[in-house]
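Student: Quick one: sequence and predicted model below, then my questions.
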Amino acid sequence: MPSQQEELLPCPPPPGGTVYVNDQVSFRTEGTQRVISVHGVVFAHYSVEDRAAEAYAMITLWESEYATQTQIARAFGYSARSLRRYQERFGAEGIQALVRKPGRPAGRRSGGAKERGRDQTILHLKTKGASNRAIAGKLGLSEKAIRKRAPPAGMAAPGGARGIRSAVRAGHSRRCISYSRSFRDHDRHS
């Protein structure tokens, strides 16, 4: 008898690319489009590139109590903390707060350790008297990139040279200058 029931009510396999948030909620991504379903009914449909729509969909899933914050965050690849931030922004300023503003978020520095190391190398080579062309050739950068990072002595640095200015403020230039002087003194005495 159980074999007859299996034939009468076959359960088709889920389509490829389906992610289950829990037993009620799932979403499927095809190309650049994503569809969120609750109990098999379409709950939201948006472009994967639209972060505000995705944040809004996650917030409404949680507010409708279809899934917990942790379940939603884990399935969509966010942390629960990020989801709470979206909720706070949405509650305070509405859907406009979910749209990411252009540029880098406030309080973040551009580049990382590699960029700071490169800035220090440029500063060191500049204090040794190397030209922008020589520095660019040595580091595999363009002359323009070197000019942006290390302006000529006595001139105000453009926005891109923030790393050099902070290195100078932190005292790195004195170390580099004394380092370059020791090389010059060594060359004179050899």
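Tutor: Received, thanks. Numbering: from 1, shown residues only.
Student: contact partners of the helix or strand containing G137?
Tutor: Assigned by DSSP states H and E, G137 falls within helix 132-139. Here helix 132-139 makes contact (Cβ atoms under 8 Å, 6 or more residues apart in numbering) with 118, 121-122, 125-126, 130, 141-143, 145-147, 150. In this view, the C-beta of every residue, glycine as well, is placed from N, C-alpha and C.
Student: Please pick the buried ones from these.
Tutor: Buried subset of the contacts of helix 132-139 (neighbour count, 16 or more other Cβ atoms under 10 Å): R118, I122, L125, K126, A130, L141, A145, I146, R147, A150.
Student: Can you check the pLDDT for the first one?
Tutor: So the one you mean is R118. Looking at R118, its pLDDT is 82.
Student: Same question for F76.
Tutor: pLDDT, F76: 89.
Student: How about it: what's its closest non-neighbour residue?
Tutor: Once flanking residues are discounted, F76 sits nearest to M58: 6.0 Å by Cβ to Cβ, 6 or more residues apart in numbering.
Student: number of nearby residues for G94?
Tutor: G94 has 9 neighbours, counted by other Cβ atoms under 10 Å.
Student: what's the distance between it and A150?
Tutor: G94 is 45 Å from A150, where distance means Cβ to Cβ, to the nearest Å.
Student: for Q120, same thing?
Tutor: According to Cβ to Cβ, Q120 and A150 sit 11 Å apart.
Student: Show me what the mean pLDDT comes to for the helix or strand hosting K148.
Tutor: Counting by DSSP H and E, the element that carries K148 is helix 143-149. Across helix 143-149, pLDDT averages out at 85.
Student: coming back round to it: buried set for the helix or strand the residue nearest to F76 falls within?
Tutor: Secondary structure assignment for M58, by DSSP H and E: helix 51-63. By neighbour count on 16+ other Cβ under 10 Å, the buried set for helix 51-63 is A52, A53, E54, A55, Y56, A57, M58, I59, L61, W62.
Student: I appreciate the help and will end here.
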